[in-house]
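Peer 1: sequence and predicted structure below; questions after.
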Amino acid sequence: MGQKELSLLLKVVVAVLAVFLAAVLIFFVPMLGINVADYYAGKPLQTVVFTWIVPGIVAVSSIPGFIALWLAWRIFTEIGRNNSFCAENARRLRIISRLALGDTCVYVILAVAVLALGPKHPSVPLIFVAVTLFGAAVTVCCAALSHLTQKAADLKDDNDLTI
């Protein structure tokens, strides 16, 4: 598989992820919020939290996810140009890592706040654990890839200077 084909395949994956993330935000999150709020019939605070506040925080916290997908698109464009190991890609990966770390921290704080309300719905703790683990994995992987890409870019620059 050549650089251009690999770049195209990776861009397709990013596009599918963007559509999936948008669909989750539009359909799944509000539906789950209403479903969880039904468990709290008669408790106005929990109903408001799970119907409006939690879905709102999830929607706002998706912005870094879309930014990360845009940065990944730019990285994959560089791969298609046969410029995989450049300082710019290392910087983009570092930014993605920091975005994932920030998002993971937001979800940990949100999980503590929501679990303090004592959710009866079994999917709530499972979703928070899954999101936290996924965010931590993305953070570590992108930080490691950023480090390795920067090292490779430095080696490439040194080799380009050698006659």
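Peer 2: Now that the structure is in, tell me what you want to look at.
Peer 1: show me where pLDDT drops low in the protein?
Peer 2: 119-120, 163 (pLDDT under 70).
Peer 1: quick one, what contacts the most centrally placed residue in the chain?
Peer 2: Among the residues of the chain, the one closest to the centroid is residue 65, at 4.2 Å (CA atoms, centre = their mean). Residue 65 sits next to 21, 99, 103 when contact means CB atoms under 8 Å, 6 or more residues apart in numbering. No exception for glycine: its C-beta is placed from N, CA and C like everyone else's.
Peer 1: out of these, which is nearest to residue 55?
Peer 2: Here the nearest of those to residue 55, counting by CB to CB, is residue 21; it sits at 14.2 Å.
Peer 1: so after whatever helix or strand the closest one lives in, what's the next helix or strand?
Peer 2: Using DSSP states H and E, residue 21 falls within helix 3-23. The first helix or strand that comes after helix 3-23 along the chain, using DSSP H and E, is helix 29-38.
Peer 1: from residue 101, how far out is the closest residue to residue 102 other than its chain neighbours?
Peer 2: Nearest residue to residue 102 in three dimensions, chain neighbours excluded: residue 64, at 6.3 Å (CB to CB, 6 or more residues apart in numbering). Residue 64 sits 10 Å away from residue 101, going by CB to CB, to the nearest Å.
Peer 1: now residue 130
Peer 2: Distance from residue 130 to residue 101, by CB to CB: 17 Å.
Peer 1: and the two? which has more neighbours close in?
Peer 2: residue 101 (18 against 12; other CB atoms under 10 Å).
Peer 1: give me phi/psi at the closest residue to the more buried one other than its chain neighbours?
Peer 2: Closest residue to residue 101 apart from its sequence neighbours, by CB to CB, 6+ apart: residue 139 at 4.6 Å. Main-chain torsions, residue 139, degrees, to the nearest 10: phi -60, psi -50.
Peer 1: now swap in residue 81 and tell me
Peer 2: Main-chain dihedrals, residue 81, degrees, to the nearest 10: phi -90, psi 10.
Peer 1: contacts only, for it.
Peer 2: By CB under 8 Å, 6+ apart, the contact set of residue 81 is residue 3.
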